[in-house]
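Undergrad: Whatever this is, show me its structure:
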Amino acid sequence: MAILNAQTGFSQILFKIVPNPTIKLKTDTGIIINSGMHQSQETGQFEKADEMIGFGQVTAAGDLCKYIEVGDYLFYYRGSIRPVPLGEEIWNVTEQNVIAFVKKDDPSLKEAFESYAKQVAVQDLESKATAKKLNIIM
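TA: Below you'll find the model as predicted:
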């Protein structure tokens, strides 16, 4: 299947959904949680989060976009996006529906992704160690 190199116009933005590096994978007490989980205020249990806000990386930005460029990262309201059939998972949102964005060369972004990668690596190692103890093949 071919993947198209699409461009867009006006204030339209095309983006791909990527993991949000600001999501905590481990609680302060050491409990490992998935990024799609949250701790309920009522029960204290971890539950699946119906995330209203998503995170993505811009692959194309229209000529009327004032602030966002290709390569930047954005936070968007999930109800405002639409899939674009380009041969890979690409989504569309207008610049007006972007909640916040982070410029691709922002040093805090690099730190966040490095921290996230370390958390994922530690979680993976801990999962493998637990699986080994329980004789589970991974």
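Undergrad: all strands for this structure, in order.
TA: Per DSSP state E, the chain carries strands over the ranges 12-17, 37-39, 46-48, 53-61, 73-77, 82-85, 89-94, 98-102.
Undergrad: For the spatially closest residue to residue 78 that is not a sequence neighbour, list each beta-bridge partner.
TA: Closest residue to residue 78 apart from its sequence neighbours, by CB to CB, 6 or more residues apart in numbering: residue 54 at 5.1 Å. For glycine as for every other residue, the C-beta is placed from the backbone atoms N, C-alpha and C. Counting by DSSP bridges, residue 54 forms beta bridges with residue 76.
Undergrad: Pull up the gap between residue 54 and residue 87, please.
TA: Distance from residue 54 to residue 87, counting by CB to CB, to the nearest Å: 21 Å.
Undergrad: With neighbour numbers in mind, choose between those two.
TA: Neighbour totals were compared for residue 54 and residue 87, and residue 54 leads with 20 against 11 (other CB atoms under 10 Å).
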